[in-house]
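Colleague: 3D model of this:
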Amino acid sequence: MKKFVIAACVLALIILALWLSGNIAVTQKGTADYKNAMYLIAGKPITLVDGKAEIAAAPGSESKEIVAIFGEPIFKDLDRDGDDDVLFLLTKDSGGSGTFYYVAVAVNENGLYKGTNAMFLGDRIAPQTIGFQEGRAVVNFAVRAPEESFAVAPHIGKSVWIHLDAKKFEIGEWVKDFEGEADIAVQIQVTTPVPNQKVSSPLIVKGKARGNWYFEAAFPIAIIDANGIQLGVASAEAQSAWTTSDFVPFEATLEFEKSATSTGILLLKKDNPSGLQEKDASISIPISF
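Modeller: From the prediction side, this is the model:
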């Protein structure tokens, strides 16, 4: 009986730990300095100390990953409650060749900061500026073309606008002025998988998108792990006539390789045969493995 009680207590503690890791905002008490707040980085709650943290690269491993604030922050009232929040970049470096860049927000609640999730931007990108435009936070940086190796310096400009859900302490990508529409939700909606769903290969992806999201009745999707490694790609196929401005249902079967991380994103990109950067658009759905 005693062994059963002990086992039950251990199980309860494990469940509680898992629940807390997925509800980082609920457990935070807030801190007077955003450099000492907790953030959800690659699916793990990490508490910074003076803007830096060391974490084990893997369970039982002696090697360390260094998470650190990169560059200068921007102080701006992102949640429109009258006090300044903080927008800044983070890097995660395991000591190898890769340096992973993220953007995060520290939400100011009555002088105390609570951290959001850190949104992945890319591996070995070239950060340029962060700022505040037209009521939104924006990150500007340079990347390589998909087929280029890391030996090539980043040379393609990219801007990512940030949407902040201050109630959930979550950030995500917001597509700016997509063919006259500001809100990505009026262009594409994903029903399967739901955010943070645990997925396996093959993954069935379903939803609906406006006809101008497609080209020749399809658009590309990819699954990417928390280290920025692309695990698989596929085409989402329109399930009815796509030459319309209305929503058109889509479906895809995406096979992907096993991930080395516990979290990642499902990336759905507007098919852009023009090649013009201003016509690019995408949506990222957080997932777990």
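Colleague: Any chance of the backbone angles for the residue lying closest to Arg210 once chain neighbours are set aside?
Modeller: Using Cβ to Cβ, 6 or more residues apart in numbering and skipping the chain neighbours, the partner closest in space to Arg210 is Gln187 (5.2 Å). For the C-beta atoms, the positions are set from N, CA and C on the backbone; glycine is no exception. With angles defined as degrees, to the nearest 10, Gln187 sits at phi -110, psi -40.
Colleague: in the protein, which spans are helices?
Modeller: In chain order, the chain shows helices spanning 2-21, 24-27, with DSSP state H as the criterion.
Colleague: picking up where we left off before, just the pLDDT for the residue nearest to Arg210.
Modeller: The per-residue pLDDT reported for Gln187 equals 82.
Colleague: Give the burial count for it, as a bare number.
Modeller: Burial measure for Gln187: 20 neighbouring residues, criterion other Cβ atoms under 10 Å.
Colleague: And for Pro195?
Modeller: Under the neighbour criterion other Cβ under 10 Å, Pro195 is assigned a count of 14.
Colleague: which non-adjacent residue is nearest it?
Modeller: Pro286 (5.3 Å).
Colleague: Now do the same contact list for Gly228.
Modeller: With contacts defined as Cβ atoms under 8 Å, 6 or more residues apart in numbering, the neighbours of Gly228 are 98, 100, 120, 122-123.
Colleague: ah, wrong one, I meant Ile287
Modeller: Applying Cβ under 8 Å, 6+ apart as the definition, the contact partners of Ile287 turn out to be 193, 195-199, 223, 263-266.
Colleague: for Phe150, same thing?
Modeller: 97, 123-124, 144.
Colleague: for the residues you listed, which one is nearest Gly275?
Modeller: The shortest approach to Gly275 among the contacts of Phe150 belongs to Arg144, at 15.8 Å (Cβ to Cβ).
Colleague: separation between that closest one and Phe70?
Modeller: Taken as Cβ to Cβ, to the nearest Å, the spacing of Arg144 relative to Phe70 amounts to 19 Å.
Colleague: the more surrounded of those two?
Modeller: More crowded of Arg144 and Phe70, by other Cβ under 10 Å: Arg144, with 19 against 16.
Colleague: burial measure for the residue nearest to Pro195, as a count.
Modeller: 21.
Colleague: next one: Ser282
Modeller: For Ser282, the neighbour count with other Cβ under 10 Å is 19.
Colleague: now do Ala226
Modeller: Number of residues near Ala226 (other Cβ under 10 Å) recorded here: 24.
Colleague: now Ile204
Modeller: There are 11 residues near Ile204, going by other Cβ under 10 Å.
Colleague: That one contacts Gln197, correct?
Modeller: No - if you go by Cβ atoms under 8 Å, Ile204 and Gln197 don't touch, sitting 11.3 Å apart.
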